[in-house]
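Peer 1: could you look at this predicted model? Sequence included:
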Amino acid sequence: MGKEFFQKRGLNFKKEERIKIAIFKLIEEFGEVVKAILENRWDEVQAEVSDVIVFACKIANIAEDFYKADELEGVLKRKMDYCKKRVYDKKSKKFNKPTNKEFK
């Protein structure tokens, strides 16, 4: 989704420009989620959340393409496994943070 998204649209931005555009679009789409919630347009929330996910994935793909970051799929699996280990403490009203060097 990183390079291909830009190439399909005939855009040949450098990596710095690509990341800025993706971040700005992510912020814009997040704002649309908030606006839909505040305006009680619940029928639009899933579509707006989907846009947030798309641009978050684009950022992850840019990280893979240009910065040799791990593939998103593997990171998501490790993060889900980590989250399954977390336990909610009713007294502190927080989830614990199991020891993990990757997710702090």
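Peer 2: Yep, that arrived. The model shown is predicted, which means the values in this text are computed figures rather than measured ones.

Peer 1: nearest residue to the spatially most central residue of the chain other than its sequence neighbours?
Peer 2: By Cα atoms, centre = their mean, the chain has its centre lying nearest to Ala56, at 3.2 Å. The shortest distance from Ala56 to any non-neighbouring residue, by Cβ to Cβ, 6 or more residues apart in numbering, is to Leu26 (6.0 Å). (Each C-beta comes from the backbone N, C-alpha and C, glycine too.)

Peer 1: can you tell me how far the one you found is from Phe103?
Peer 2: Relative to Phe103, Leu26 is positioned 21 Å away (Cβ to Cβ, to the nearest Å).

Peer 1: those two: which is more packed in?
Peer 2: Set Leu26 next to Phe103 and count neighbours by other Cβ atoms under 10 Å: Leu26 wins out with 19 against 13.

Peer 1: could I get the CA-only coordinates of the helix or strand where that one lies as CSV?
Peer 2: Assessed by DSSP states H and E, Leu26 sits inside helix 15-38. Only the C-alpha atoms of helix 15-38 are listed here, as CSV (Å, rounded to 0.1, in the frame of the first residue of the first chain):
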residue,chain,number,x,y,z
LYS,A,15,9.8,9.3,1.3
GLU,A,16,9.7,12.4,3.5
GLU,A,17,6.8,13.8,1.5
ARG,A,18,5.0,10.4,1.5
ILE,A,19,5.1,10.1,5.2
LYS,A,20,4.0,13.7,5.7
ILE,A,21,1.0,13.2,3.4
ALA,A,22,0.1,9.9,5.1
ILE,A,23,0.3,11.5,8.6
PHE,A,24,-1.8,14.5,7.5
LYS,A,25,-4.4,12.2,6.0
LEU,A,26,-4.5,10.0,9.1
ILE,A,27,-5.1,13.1,11.3
GLU,A,28,-7.8,14.3,8.9
GLU,A,29,-9.5,10.9,8.9
PHE,A,30,-9.3,10.7,12.7
GLY,A,31,-11.0,14.1,12.9
GLU,A,32,-13.8,12.8,10.7
VAL,A,33,-14.3,9.9,13.1
VAL,A,34,-14.6,12.3,16.0
LYS,A,35,-16.9,14.6,14.1
ALA,A,36,-19.2,11.7,13.2
ILE,A,37,-19.4,10.6,16.8
LEU,A,38,-20.0,14.1,18.2
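
Peer 1: no further queries at this time; thank you.
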